[in-house]
Structure formats: C-alpha cells, structure tokens
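Asker: generate a structure from the sequence data that follows.
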Amino acid sequence: MIKFKDSDCYLMMFDLFGLIATSDELTFPMVWRDKYYLKKVIEIDGKNIFILGRDLELEGHE
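Answerer: As a prediction, the model looks like this:
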C-alpha cells in the first residue's frame, strides 16, 4: 500500500453516508476505490466527514 506522512496529505471532505454505503469496511489508513488514500478521520460534522488524505488520480499514482 502507498503510505504518506501527515505533512504530505491534505484535508478532504466526503459525504459520510455515501462513503459508508459504498465501502465494505472503513479502516485507516486505506486506499479507497483506487482513487483516494485516506489516512485518518479529522472530524465528523453532521452529514460530512473530513479526512486527511490524498487524491491519487491527481498525484499520478497507480
């Protein structure tokens, strides 16, 4: 698995219920849908979840 330091990641917002509904399991760190590296949950705010991570498609990782 690809691993990044906290300083290499940035805050991303996801729809909490959408993320849970389309995931078999949520463990951190993880690569989600081969698109995102999700390092750790920062905050859950109502219907949104804020996660420290990276967008792998933007970074060019395969």
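Asker: tell me the buried residues in the lengthiest strand in the chain?
Answerer: The strand that spans the most residues within the chain, counting by DSSP state E, is strand 36-45. With burial defined by 16 or more other C-beta atoms under 10 Å, the residues of strand 36-45 counted as buried are 36, 37, 38, 39. Glycine gets a C-beta too; all of them are placed from N, C-alpha and C.
Asker: state the distance from the second one to residue 47.
Answerer: Just to be clear, that refers to residue 37. 23 Å (C-beta to C-beta, to the nearest Å).
Asker: just the third one next, same as before
Answerer: Note on residue 38: its distance to residue 47, by C-beta to C-beta, is 18 Å.
Asker: output the contacting helices and strands for the helix or strand that residue 14 is a member of.
Answerer: Applying DSSP states H and E as the criterion places residue 14 in strand 10-15. Packed against strand 10-15 by the contact rule (3 or more C-beta pairs under 8 Å, 6 or more residues apart in numbering; DSSP states H and E) you find strand 36-45, strand 48-55.
Asker: angle of it against strand 48-55?
Answerer: On the basis of axes from the mean of the first three to the mean of the last three C-alpha atoms, to 10 degrees, strand 10-15 is oriented at 130 degrees to strand 48-55.
Asker: out of the buried residues of strand 36-45, flag the one nearest to residue 9.
Answerer: Minimum distance to residue 9 across these is 5.2 Å, recorded for residue 39 (C-beta to C-beta).
Asker: got the contact list for that closest one?
Answerer: 4, 6, 9, 28, 29, 51, 52, 53, 54 (C-beta atoms under 8 Å, 6 or more residues apart in numbering).
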